[in-house]
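J.: got a sequence here, can you build the structure:
(chains A, B and C)
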Amino acid sequence: MIYEAIIMGMTGDEAVAWAAKQVNPDVVPAYPITPQTIIVERFSDYVNDGLVDTAFVPVESEHSAMSASVGASATGARVFTATASAGLALMNEILYVASGLRLPIVLAVANRALSAPINIHAECTDQLVTRDASWISLFGETAQEAYDETIMAFKIGEHPDVMLPVMYGIEGFIVTHALERVDTLPDEAIRNFLPPKREISHVLDPSEAKTFGSLVLQDYYMEIKRQQEEAMERAYHVTKEVMAEYSEISGRKYEILEEYHLDDAEYAFVTYGATAGNAKAVVDLLRAKGEKVGALKIRMFRPFPGNDIYEALKGKKAVAILDRSATFGSPGTIVQNDLASALYMKQGAPSLHGFINGLGGRVLMHEEKEQIYDQVKQYHADGKTHTQEWVGYRS
Amino acid sequence: MVEIKDVRINGRGGQGAVTSSRLLGEAAIIENQYVHAFPNFGPERAGAPVTAFTRISKEKFFEKTEVYFPDVVCVIDPSLLGKVDVASGLKSGGTIICNYAGEMDKLKSYFKGVDAKIHKVDATKIAIAEIGKNIPNMVMLGALLKVEPLVKLENLIEVTRQYFTKIGKASAGDQNARAMQKAYDEVQ
Amino acid sequence: MKEKIIPEEFKEWVSEKWGTAKLPIGGTVPYHSSFGFKTGDWSALKPIIDHTTCTGCMDCFYYCPDSAIEIVEIEGKRKAVADFDYCKGCSLCAKHCKFDAILMKEMKE
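T.: Got it, this is the predicted structure:
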């Protein structure tokens, strides 16, 4: 059943905080960092006003925020936290602990450029570089998706077949601090969607004592890591199910990929996050000129939906990957590398052209995207199969 | 193609440009419109020139950028004229509305060669008379709605009242409401 | 000395080399599984506790990083006893003993 939406005006951060309030997690350890700050501020207001039952733990760093999240989650608590940029980098060590211990912590990331030089604006490198930490990793384009993914993240991570932590990113300022219309669900819908307590398969429980985080050497370490990979593979299916279920209660269609005018397209933009919005806007402009172009938005980066992307792009001539992330000395952009790996030697796979753009909040104007489109057409005509370049900078 | 109205608000830090861009967005949401409203974030200092944006459309749209080519420019602080290129990127035939006490001819002289409809209102005077302080942000939006009916004035007044009530200054909400109505009536 | 019971699950785990399907997730292990690791042969030094000077103050009990000291009752008095199956010979107990009741000695079988 589709619940009637309660329309609210919220920024991306506010939408995350509001969804977290409705989920009412048991523990939220958090440390504020721009542009995630509003999430923590709003949520601490909800704690102060008695609107949630959450134990809010103000910690002294992000390393501590994730450590406290691990501790709380190991007791069976439902745990939420949020960070950005340098904060996520500081959490890095404990990200692996959270996933290795199989604790379904939910982490909202306000994607922001990494220092140096210091910059507070949008860039997704912070999240993309956590790709090997065994976290499920989602991206949202709008405040609406920020709200919806907050709720879905708990259900995906806590699924007994998964039991992995989930992070989802929204870009700094252009989503986190921008007011948008958000169709929210009534509390009742969330109570029905998400069980009041999380699934607990292994917890610190005095009546059935266990050791967490023990030394595991050559004889068992690899099996435990392999279990994480198997959980990741199941997470792909679970995410699909959860998104389908959420679509049914919200009336908003959620899939791990979002296709825009892709069916008859010869060329496509492949992107994620807020850039996807701009790519779709440019598709509209190019379509108006008669160009056969579409866009593919990747909503889920880990597990990487390689086969789905292949199916979606099969038969296209060439694609432009608009990647708002920095990588240096790499054969492709971060997402392009995965995409190339997924499409390699597959019949009908398009050629892949990666464009590093928008670093530190730099805007990629519509005209520049149109130029990229022309460039990719030219690469195709020239028979180039794989290029990687930077766009939108002064040389 | 989706029809979008892009509004840029030029003001100075502390004058409420950011709040006004948000409240304009909230008023549009009440009317079931779609918005993207946010300020240009940087080093925030009171008194420094700032910009804030509100993008409004009756249909869902995808754009996620700052506004570079506004349809409407709203200048909250008259001292910006001649110092900041407030008409920068304005679409031809667009609208400029200024908080300005002087003559229209003098105002127009700031925009030589700019293809725009130019309007003025003495928002500072109205703000001081009605609110008791030189905070003309919402006053300017009241005037703006007369020349560019992006949302209904009553809805903007409603969200403004809600905003001031929420921050515990309900009387300021009433004062702003009166000032907005006055600016709406007086704009030239 | 108390009986140290190793959980059955753990014994199987060590002997059978479980794979991903059977292994509990997250690398968690049952409580008391460390009883299965007899670390007593890690060092030749062992604490010899002189029960005539030991007052049963329990300092060594708390300082022992391996919980290899137990407090037992001998002739109605509390005394410290070291469990050589697990003692790694670190000598912390001897360092901390206020009554010089513990001596580290090389054990030759």
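
J.: residues in contact with A:Gly392?
T.: A:Asn357, A:Gly358, A:Arg362, A:Val363, A:Leu364, A:Met365, A:Glu368 (C-beta atoms under 8 Å, 6 or more residues apart in numbering or on different chains). To be clear about C-beta, it is placed using only N, CA and C from the backbone, and glycine gets the same treatment.

J.: kindly recompute the last result at 10 Å.
T.: Contact partners of A:Gly392, counting by C-beta atoms under 10 Å, 6 or more residues apart in numbering or on different chains, are A:355-359, A:362-365, A:368-369, A:371-372.

J.: low-confidence bits of chain B, can you list those?
T.: Scanning chain B for pLDDT under 70 picks out the ranges B:43-44.

J.: residues in it within reach of chain A, list them.
T.: B:1-2, B:4, B:18, B:21-30, B:32-43, B:53-55, B:60-66, B:68-69, B:159 (C-beta under 10 Å from any C-beta of the partner chain).

J.: now list the buried members of these.
T.: B:4, B:18, B:21-30, B:33-41, B:53-55, B:61-66, B:159 (16 or more other C-beta atoms under 10 Å in any protein chain shown).

J.: how about the residue nearest in space to the middle of chain C, phi and psi?
T.: Nearest residue to the geometric centre of chain C (C-alpha atoms, centre = their mean): C:Ala68, 2.2 Å. Dihedral pair for C:Ala68: phi -100, psi 0, per degrees, to the nearest 10.

J.: report pLDDT for it.
T.: Looking at C:Ala68, its pLDDT reads 94.

J.: which regions of chain C sit below the pLDDT cut-off?
T.: C:1-2, C:109.

J.: as a quick check, tell me the outermost residue of it.
T.: Largest centre distance within chain C, by C-alpha atoms, centre = their mean: C:Ala21, 32.8 Å.

J.: give me every residue that touches it.
T.: A:Glu223, A:Gln227, A:Glu230.

J.: can you list those in TSV and add neighbour count?
T.: As requested, these are exported to TSV (neighbours: other C-beta atoms under 10 Å in any protein chain shown):
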residue	neighbour count
A:Glu223	17
A:Gln227	21
A:Glu230	13
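
J.: show the overlap between those and what lies near chain C.
T.: A:Glu223, A:Gln227, A:Glu230.

J.: nearest to chain B among these?
T.: The shortest approach to chain B among the ones next to chain C among the contacts of C:Ala21 belongs to A:Glu230, at 36.5 Å (C-beta to the nearest C-beta).

J.: in the sheet, which residues pair with A:Asn111? Tell me.
T.: Per DSSP bridges, the residues bridged to A:Asn111 are A:Glu171.

J.: got phi/psi on the nearest residue to A:Val27 once chain neighbours are set aside?
T.: Leaving aside its sequence neighbours, A:Val27 sits nearest to A:Ala72 (C-beta to C-beta, 6 or more residues apart in numbering or on different chains; 3.9 Å). For A:Ala72, the backbone dihedrals (degrees, to the nearest 10) come out as phi -70, psi -40.

J.: anything in the lengthiest helix in chain C near chain A?
T.: Counting residues, the longest helix in chain C under DSSP state H turns out to be helix C:8-16. Yes. Using C-beta under 10 Å from any C-beta, a contact is recorded between helix C:8-16 and chain A, made by C:Trp13, C:Val14.

J.: counting by contacts, list what that helix packs against.
T.: The contact analysis (3 or more C-beta pairs under 10 Å, 6 or more residues apart in numbering or on different chains; DSSP states H and E) places helix C:8-16 against strand C:29-30.

J.: anything in the strand it packs on near chain A?
T.: Yes. Counting by C-beta under 10 Å from any C-beta, chain A has neighbours in strand C:29-30: C:Val29, C:Pro30.
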